[in-house]
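[1] with the input below, show me the fold.
(one chain, ligands or ions: 2)
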Amino acid sequence: MIQTTQNSEEIQGKHYWKSLDDLADTPGFRSWVDNEFPEGASLMDGVQRRGFLKVMAASFGLAGLGMTGCRRPEHAILPHGRSPEELIPGIPAYYSSSRPTSAGFVPLIIESHEGRPTKIEGNSSYQLGGGSTDVYTQSSILDLYDPDRSRGSFTNENESKGNESSARWKKTPSAEVRKDLANIENLDRVAILTDSNFSSLRKSLFQKLGQKGVKVFSHDPIDFHNPENCLSKALGIDSSLRAIPNFSKAKTVLSLDSDFLGHREPNSSVNTKQFMPGRRVLSPSDAKKMNRLYSVESDLSITGGVADHRLRLSSSETEGFSAIILIKLLELSGEKNPKLLEQLTLLSQGMDNYDKWATECAKDLFEKPKQSVVVTGSHLPSSVHLLTYKINQVLGNQPTCLEYVKVDHFAGNLSSLCESLKNEEIETIIFLGGNPVYHFPSVDWVDLLKSTKNKYRLGRSIDETSQVCDFHIGQSHFLECWDMGTNWSEDICSPVQPIIAPLFDTCSDTEILSSLLGESKNSHDLLIEFFKSDADVSESFEDFLKQGVANVKPSLLANLPNPDQAVLEISADDITLSENSLEVLLIPDFHTWDGQFSNNGWMMECPHPITKLTWDNALLISPVLAKKLEKKYPDLGLLPKATMLNNNGQIAPDAAVFKDGKQRAPIVRLRVGDHHEIKAPLYVQPGLADYTVVSTIGQGRSRVGRVGSGTGFDTCSLIHTDSNRISNGATIEPTGDFHILANVQEHWSMEGRAIVRETNAKYYSEHEDFAQKMGAESHSPPMWGKDQDASIAEKATTTPRGNSAYEHPDDTYEHSETFGLHQWGMSIDLNQCTGCSACVVACQSENNIPIVGKDQVLRGREMHWIRLDRYFSSTEREGAELPSDVQVSFQGVACMHCETAPCESVCPVNATVHDEEGLNAMAYNRCVGTRYCANNCPY
Ligand code: SF4
Ligand code: SF4
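    Numbers count the residues shown, from 1 in each chain. Ligands and ions are numbered 1, 2, ... in the order given. Okay, here's the model as predicted:
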């Protein structure tokens, strides 16, 4: 029964669009929307069945490889006469552990079924993380079951190492390789090249090895330690100085090209957990207390998407912009330093266009002294980190909103390793993790290593770096070994516990280091020994494991050195950008990060939060640059044509850009200087700085498993060995080739229905029920229910079924917590959602949903049970002009569990049914695959 609504006045919201084709309403887009479920779509026409099964297999790992290879870490096998303690078939057990990353250890709780790890969650005992994780941590469990990971150790039998050849790896017991390592005599001629790691155990082993003469070097294509090293150098401090912001205390935040809420910066889960509660709005009065974010950036990042005020600016101009902000703040504070002001004026030359924006931003920052924080992207040069340090000092943000932690780095850099190799000082090299041969192709590794006698590689798969080595040692997954380490802010320590014995004959990094010390202990014994003697933890080992987190004291910098002299020494950059002299910014790839997730199907198929690309990377450019390139190269075929009629007055198919849901992108040649050149497809992304080309590191790998093989484009030749990720003076020219991108942004289109309901804080504080007056709700009648006349607040808090069509089945609900029937619901607070996509992969991991591969994604058959819609909106647009400044809105779309579910009424076999607690359930064994339910779902 329905009742007509009393108020049918509809609020007209903004115009939301998903893509440039959607905005231009091209025939290609219309035909895709009309034929989203074309006749015969369920047939496997033209699909390579073998390829489909290949990728499916890679994500079925949890059910296949894990099941057969699963073992508890025990040494004897006994009949199952008495059930092992804590193992009840069907009931999961939970263990604390943590995931080592290049930005610290992430404390976790691992769910295990019958000794098999099945799901990863954040450890809520870690208060900073609050039980949350990121998309990579969610995906990392799939790597344990990766069918392409190395299943032991191997000897390279190929004479000419580094050259392509097949079938040359001979399986060798890991114990044998470890014995060889233990017998190395000249330890002062041994070098280790490692990736960044926060393991306390590993650090102590490095120190022991260092005392015996072993040289340790480290490398990172995405170097998070750059800012702290820059700061210590500029301020003349012995140890590196890491800035740790506390966003929970900050009322105003300025981000200088820093994606602190996204995957490009360290500690993003903690940052998000601190920052987003400042946007929790439960009533109109909360709207006035929200924090405010200013973002200045060249790329359109997750952080920029969340920002209240966003300025598009190239990364190279951030130095000038920081100087202008500092001038404004010095003026507001009344600090008189003519020399400093003169220098800042010099640095901020050419920034006049941004004066108004900077004035407002500086005023807002200054209005709330000691309650703001300014953060800087880790890829930016030393000068910007120094200016940011001074800005925060003027604002008095330390210690409330910002602390500086002193950290020690003892490893040499990649250039000094190359120098030692060139001078033939190294007899044995061990590549411990990372993938330097892939990341730094500008180094001639084969030539450099020709006089090195022994070359060992510890890695998760036989990859690019293994090719130049004599031995490849399979690396254990973090769920297979013991370790402990600190987080990014160095204020907690957490253990790594194995949840399963190594599935294969693999070793951990600490076991390799122990072999080199001549001890050959396993990671458990090494950790126990370290914990007893050196660990800075007061808890017992058992309590430490139980809790999964222990507090430790970071080494905080109490007195801030004065940076004025260092600021006076900054030399101004004179960079002019244009379509003939572009800036190139290298960022980690969302899907693979630096390449380490290349063979992880969940990550490859998880759509990029902003571009919505899957299975690929592309060179992102702004609409302004796209238009200029189209003018220069009329056949480029990059932008959708807004005009739909051809010369004969017929609808012109816009096949050059978008056809049948496939995006055809022109492949271009991107040149930086004389030596660096890459080829990759172009993709137009509104929101980018006009002359910045954003390129990602981590795709196009040559030695990778079945998932990553043949995906994306390699851009590593643009990385400098000092890990500088900004280049200038680049040019673009078409190659004449095209590449099909699997972009899901137009999939599941709402055909103009206003799914996003948003307004500003002021309007909301006066119209709490605005969302009900937008879109379909404004003119459709409410469902009948016993509580229909109650207020929204009352329905949300006191009545169990809101405005339900059904009576609640259990009238003891108010008193029943553990028994009786319930009405379930899940809400996503869109004010809090950053679009990180962790929920998309978490759902895939929880429900073991397979991937379908690029070919199937192109047909709109991705299988995610939660999708994340990203909408753009723009206020100013002249005619058919493509907008450069856009606002981003995210809308997570899971099953709504509709009360009168359209998917149920069309199912011919009653496979989709409502259960007694109001959930829309699926009886899988009844489903015959008609896809009627999917066709009839309004979402
Ligand atoms: S709801 Fe939003 S913020 Fe939360 S996990 Fe999903 S995408 Fe991330
Ligand atoms: S119609 Fe769609 S949203 Fe509604 S219950 Fe069915 S699947 Fe879920």
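[2] can you tell me the closest non-neighbouring residue to Ser283?
    Computed as C-beta to C-beta, 6 or more residues apart in numbering, the closest residue to Ser283 that is not its neighbour in sequence is Glu768, at 7.8 Å. Quick note: C-beta positions are derived from backbone N, CA and C, even for glycine.
[3] next, count neighbours for that neighbour.
    Counted with other C-beta atoms under 10 Å, the burial measure for Glu768 works out to 14 neighbours.
[4] where does this structure have low pLDDT?
    In the predicted model, the chain carries pLDDT under 70 at residues 1-80, 82-84, 86, 159-167, 640-662, 674-675, 721-723, 748-754, 776-823, 875-881.
[5] can you tell me the element the residue positioned nearest the centre of the chain falls in?
    Residue closest to the average C-alpha location in the chain (C-alpha atoms, centre = their mean): His263, at 3.5 Å. For His263, there is no enclosing helix or strand under DSSP states H and E.
[6] mind listing what it touches?
    By C-beta atoms under 8 Å, 6 or more residues apart in numbering, the residues touching His263 are Asp134, Val135, Tyr136, Ile302, Pro588, Phe590, Trp593, Cys836.
[7] output the set of residues of the stretch 701-850 of the chain in proximity to ligand 1.
    Contact residues, the stretch 701-850 of the chain versus ligand 1 (C-beta under 6 Å from any ligand atom): Ile828, Cys833, Thr834, Gly835, Cys836, Ser837, Ala838, Cys839.
[8] and the contacts of His263, which of them are in helices?
    Among these, the residues falling in helices (DSSP state H) are Val135, Tyr136, Ile302.
[9] show me which residues of this structure sit near ligand 2.
    So the chain meets ligand 2 at Cys895, Met896, His897, Cys898, Ala901, Pro902, Cys903, Asn920, Cys937, Tyr939 (C-beta under 6 Å from any ligand atom).
[10] rebuild those residues as JSON lines, extending it with secondary structure.
    What follows is those, written out as JSON lines (DSSP: H, G, I helix; E, B strand; the rest coil):
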{"residue": "Cys895", "secondary structure": "coil"}
{"residue": "Met896", "secondary structure": "coil"}
{"residue": "His897", "secondary structure": "coil"}
{"residue": "Cys898", "secondary structure": "coil"}
{"residue": "Ala901", "secondary structure": "coil"}
{"residue": "Pro902", "secondary structure": "helix"}
{"residue": "Cys903", "secondary structure": "helix"}
{"residue": "Asn920", "secondary structure": "strand"}
{"residue": "Cys937", "secondary structure": "coil"}
{"residue": "Tyr939", "secondary structure": "coil"}
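[11] can I get the buried part of those residues as one PyMOL selection?
    For the buried members of those, the matching PyMOL selection, counting by 16 or more other C-beta atoms under 10 Å, is:
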select buried, resi 897+901+903+920+937
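[12] give me the residue from the stretch 151-300 of the chain nearest ligand 1.
    Thr272 (7.2 Å; C-beta to the nearest ligand atom).
[13] neighbours of the closest residue to that residue other than its chain neighbours, how many?
    Once flanking residues are discounted, Thr272 sits nearest to Leu261: 5.2 Å by C-beta to C-beta, 6+ apart. By other C-beta under 10 Å, 27 other residues sit near Leu261.
[14] show me the contacts for Pro245.
    Applying C-beta under 8 Å, 6+ apart, the residues contacting Pro245 are Phe260, Asn271, Val373, Val375, Cys401, Leu402.
[15] Ser598 - that's part of a strand, no?
    No - checked against three-state DSSP, Ser598 lies outside a strand; its state is coil.
[16] would you enumerate the residues in contact with it?
    Residues near Ser598 by C-beta under 8 Å, 6+ apart: Thr592, Met604, Gly698, Gln699, Arg701, Val704, Gly705, Val707, Gly708, Thr711.
[17] mind listing what's buried in the lengthiest helix in the chain?
    As assigned by DSSP H, the longest helix anywhere in the chain is helix 318-333. Of the residues in helix 318-333, 318-330, 332 count as buried by neighbour count, 16+ other C-beta under 10 Å.
[18] just stretch 349-364 next, same as before
    Buried residues in stretch 349-364 (16+ other C-beta under 10 Å): Met351, Tyr354, Trp357, Ala358, Thr359, Cys361, Ala362, Asp364.
[19] who's in contact with the closest residue to Asp564 other than its chain neighbours?
    Using C-beta to C-beta, 6+ apart and skipping the chain neighbours, the partner closest in space to Asp564 is Leu340 (5.7 Å). By C-beta under 8 Å, 6+ apart, Leu340 lies in contact with Leu330, Asp564, Val567, Leu568.
[20] check the offset of the lengthiest strand in the chain from the chain's centre.
    Taking DSSP state E as the criterion, the chain has its longest strand at strand 726-743. Centroid displacement of strand 726-743 relative to its chain, using C-alpha atoms, centre = their mean, to the nearest Å, is 23 Å.
[21] in CSV, list the C-alpha atoms belonging to that strand.
    Taking Å, rounded to 0.1, in the frame of the first residue of the first chain, the C-alpha atoms of strand 726-743 are listed here in CSV:
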residue,chain,number,x,y,z
ILE,A,726,59.5,15.4,-11.6
SER,A,727,60.9,16.1,-15.1
ASN,A,728,60.6,19.2,-17.2
GLY,A,729,60.9,20.0,-20.9
ALA,A,730,58.9,17.0,-22.1
THR,A,731,57.2,16.7,-25.5
ILE,A,732,54.4,14.5,-26.8
GLU,A,733,53.9,13.3,-30.4
PRO,A,734,51.5,10.6,-31.7
THR,A,735,52.7,7.3,-32.9
GLY,A,736,49.6,6.6,-35.0
ASP,A,737,48.8,3.5,-32.9
PHE,A,738,45.9,3.0,-30.6
HIS,A,739,45.3,1.1,-27.4
ILE,A,740,41.9,-0.1,-26.0
LEU,A,741,41.5,0.9,-22.3
ALA,A,742,39.2,-1.0,-20.1
ASN,A,743,37.5,1.9,-18.4
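[22] what angle sits between that strand and helix 318-333?
    Put simply, strand 726-743 runs at 110 degrees to helix 318-333, going by axes from the mean of the first three to the mean of the last three C-alpha atoms, to 10 degrees.
[23] buried residues, strand 726-743. List them.
    Under the neighbour-count criterion of 16+ other C-beta under 10 Å, strand 726-743 has Ile726, Ser727, Asn728, Ala730, Ile732, Pro734, His739, Leu741, Ala742, Asn743 buried.
[24] and it, what other elements does it pack with?
    strand 582-588, strand 613-614, strand 662-672, strand 676-684 (3 or more C-beta pairs under 8 Å, 6 or more residues apart in numbering; DSSP states H and E).
[25] other SSEs contacting the following helix or strand past the last one?
    This points to strand 676-684. Proceeding N to C from strand 676-684, the next assigned helix or strand is strand 692-697, under DSSP H and E. On a contact count with 3+ C-beta pairs under 8 Å, 6+ apart, strand 692-697 meets strand 582-588, strand 619-621.
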